[in-house]
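Peer 1: Predicted structure and sequence below. I'll ask about it afterward.
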Amino acid sequence: MALVRLAWVLLVGTVSSSVLANAWVQTSGEPFAAYRERMAMHFMENKLWVSAEAKQQELEAVLPFEYRPNDTCSSHSVGVLMFHGLSDSPFSLRDPAQALADQCIHVRVMVLPGHGTRAEDLLEVSRQDWRAAVKSAVANFSSEVDMVYLAGFSTGGALVTEYAWQQPEEVQGVVLFSPLFKINSAIDWLSPWLAPMIDWLDHYDSDDYSKYASIPVPAIAEAYSLAKEVKATVLAEPGRVPVFVALSEEDATVDSAVTIDVFEHSFVAHMQSEMILYSASRPTNDAPPVHVVNTDLPEQRIFGLSHMSVHGAPHNPYYGEQGAYRICSWYQSDPDRYQECREAEQNWYGERSKVLQAKSDVAARLSWNPYFQDLMKHINSFIHKTQQSTVVSN
């Protein structure tokens, strides 16, 4: 069966992938409202619901969305186009999108092919499909704003970085949250070899309506190849555009050491690039272009920021400090520990590590950033600075 699947992938995989992925792509000239309505119909027909009684709430979480400047904002149009990570949805970027919109910035958050429905839809989607979605979205968005910034989380970060490096004249700057330039695994290189033969390493139904609980091996392989290609592109031509990066040194999903290396050998070549590095081991040190923020916070029962918490607001009603959903996915194979993690009143939070486990053997994954407001101040300053440099030069 493995050989049959391999032959099928080689012969028709690209065609089936493109046909499937087209359902997610905003077509040239398609008004965003019409695109969003079309996606709503697609999701209603294809989404695997966590709760059939909460379909509207779950639908809103995965739909692309935008915040337009209100009438009190100036007419000078600055826009930020955002893309989420692998297995995620637009909901993951709700907090930074709202914070930027509050500063009179037009923000649009897209959904990548294969997301928002069911994890199985990632089986036949390729990185070329994701790239096509980014290209089309940028083309549509750039016709509506004067200055385009691209922002991305994780895999979305790799995609927008690549686009900016290929089309620097179209992009004012890039904002990255926990960007993917290498998966945090010593055996990530095996994924392209396993993908034609193995669909899943694990497969769980999600009880989180905004993201998938499991990622199929073919999608991991696509993310691995994308990261490798984007890293090579960026290192080959340093400083093409200004980049703002926020990441956690304890990130268990992406290799933070590689991201730091990319910043030091490429991004920093542009004098306006900046980084905020959250670290549980380094002391706070505000020495631009790298701002270090210590995240060993015992008074808050936090040890290190997780991959997904960097851009999350503490007040988020779902993922926030008092939110309705606590992330305990580390214990999915053990229902009792999973439930204990969900219910522990004085639990610890962070990224999975021996240090965190020593503090609580049912510690939860942190899903908010206690320094979120400060992060957004830095990003607003970055946008203002890079925007003003163009105005002055013109």
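Peer 2: Sure thing, it's come through.

Peer 1: give the contact list for residue 314.
Peer 2: Applying C-beta atoms under 8 Å, 6 or more residues apart in numbering to residue 314 gives the contacts 320-321, 368-370, 372. In this view, the C-beta of every residue, glycine as well, is placed from N, C-alpha and C.

Peer 1: mind redoing it with 6 Å?
Peer 2: Taking C-beta atoms under 6 Å, 6 or more residues apart in numbering as the criterion, residue 314 is in contact with 320-321, 368.

Peer 1: Which ones among those map onto helices?
Peer 2: Members of these lying in helices (criterion: DSSP state H): none.

Peer 1: Give me the secondary structure label for residue 80.
Peer 2: Secondary structure, DSSP: H, G, I helix; E, B strand; the rest coil: residue 80 is strand.

Peer 1: And for stretch 215-230, what's in contact with it?
Peer 2: 86-87, 122-123, 126-127, 155, 158, 161-162, 180-183, 188, 191-192, 194-195, 198-200.

Peer 1: Which members of these are classed as buried?
Peer 2: 86-87, 122-123, 126-127, 155, 158, 161-162, 180-183, 188, 191-192, 195, 199 (16 or more other C-beta atoms under 10 Å).

Peer 1: so of those, which ones are in helices?
Peer 2: Using DSSP H, the buried ones among the contacts of stretch 215-230 in helices are 127, 155, 158, 161-162, 191-192.

Peer 1: how close does residue 328 sit to residue 338?
Peer 2: 5 Å (C-beta to C-beta, to the nearest Å).

Peer 1: In terms of neighbours, single out the busier of those two.
Peer 2: Taking other C-beta atoms under 10 Å, residue 328 and residue 338 do not tie; residue 328 has more neighbours (21 against 17).

Peer 1: any idea how far residue 162 is from that one?
Peer 2: In terms of C-beta to C-beta, residue 328 sits 34 Å off from residue 162.

Peer 1: swap in residue 231?
Peer 2: In terms of C-beta to C-beta, residue 231 sits 10 Å off from residue 162.

Peer 1: ok, residue 77 - contacts?
Peer 2: 145-146.

Peer 1: so where's the chain shaky on pLDDT?
Peer 2: 1-20, 75-76, 389-394 (pLDDT under 70).

Peer 1: can you list contacts of the lengthiest helix in it?
Peer 2: In the chain, assigned by DSSP H, the helix with the most residues is helix 372-393. For helix 372-393, the external contacting residues (C-beta under 6 Å, 6+ apart) are 99, 103, 172-173, 175, 242, 244, 246, 272, 274, 313.

Peer 1: and stretch 328-346, how far apart are its ends?
Peer 2: Across stretch 328-346, the terminal residues are separated by 14 Å (C-alpha to C-alpha, to the nearest Å).

Peer 1: And that stretch, how far out from the chain middle?
Peer 2: 25 Å (C-alpha atoms, centre = their mean, to the nearest Å).

Peer 1: what's the answer for stretch 86-99, then?
Peer 2: 7 Å.

Peer 1: now stretch 31-42
Peer 2: For stretch 31-42, the distance to the chain centre is 21 Å (C-alpha atoms, centre = their mean).

Peer 1: for stretch 310-327, same thing?
Peer 2: Distance of stretch 310-327 from its chain centroid, counting by C-alpha atoms, centre = their mean, is 16 Å.

Peer 1: repeat for stretch 176-194
Peer 2: Centre to centre, stretch against its chain (C-alpha atoms, centre = their mean), the figure for stretch 176-194 is 14 Å.

Peer 1: ditto for stretch 262-276
Peer 2: Taking mean C-alpha positions (C-alpha atoms, centre = their mean), stretch 262-276 and its chain are 20 Å apart.

Peer 1: So for it, first residue to last residue, what's the gap.
Peer 2: Across stretch 262-276, the terminal residues are separated by 14 Å (C-alpha to C-alpha).

Peer 1: Counting neighbours, which bits of it end up buried?
Peer 2: For stretch 262-276, by 16+ other C-beta under 10 Å, it's 262-263, 266-268, 270, 272-276.

Peer 1: all strands of the stretch 101-250 of the chain, in order?
Peer 2: 106-110, 147-153, 173-177, 243-248 (DSSP state E, counting those that start in this stretch).

Peer 1: quick one, helices of the stretch 251-394 of the chain?
Peer 2: With helices called from DSSP state H, counting those that start in this stretch, the stretch 251-394 of the chain shows them at 256-265, 335-343, 354-359, 372-393.

Peer 1: Now do the buried residues in the shortest one.
Peer 2: The neighbour-count check on helix 354-359 (16+ other C-beta under 10 Å) flags 355-356, 359 as buried.

Peer 1: which one of these sits closest to residue 349?
Peer 2: Relative to residue 349, the closest of the buried residues of helix 354-359 is residue 356; by C-beta to C-beta it sits at 8.2 Å.

Peer 1: circling back to that earlier point, as JSON lines, the buried residues of stretch 262-276 with distance to residue 112 would be great.
Peer 2: Shown next, in JSON lines, are the buried residues of stretch 262-276 (distance: C-beta to C-beta, whole Å):
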{"residue": "262", "distance to residue 112": "22"}
{"residue": "263", "distance to residue 112": "24"}
{"residue": "266", "distance to residue 112": "24"}
{"residue": "267", "distance to residue 112": "23"}
{"residue": "268", "distance to residue 112": "28"}
{"residue": "270", "distance to residue 112": "26"}
{"residue": "272", "distance to residue 112": "28"}
{"residue": "273", "distance to residue 112": "25"}
{"residue": "274", "distance to residue 112": "26"}
{"residue": "275", "distance to residue 112": "25"}
{"residue": "276", "distance to residue 112": "25"}
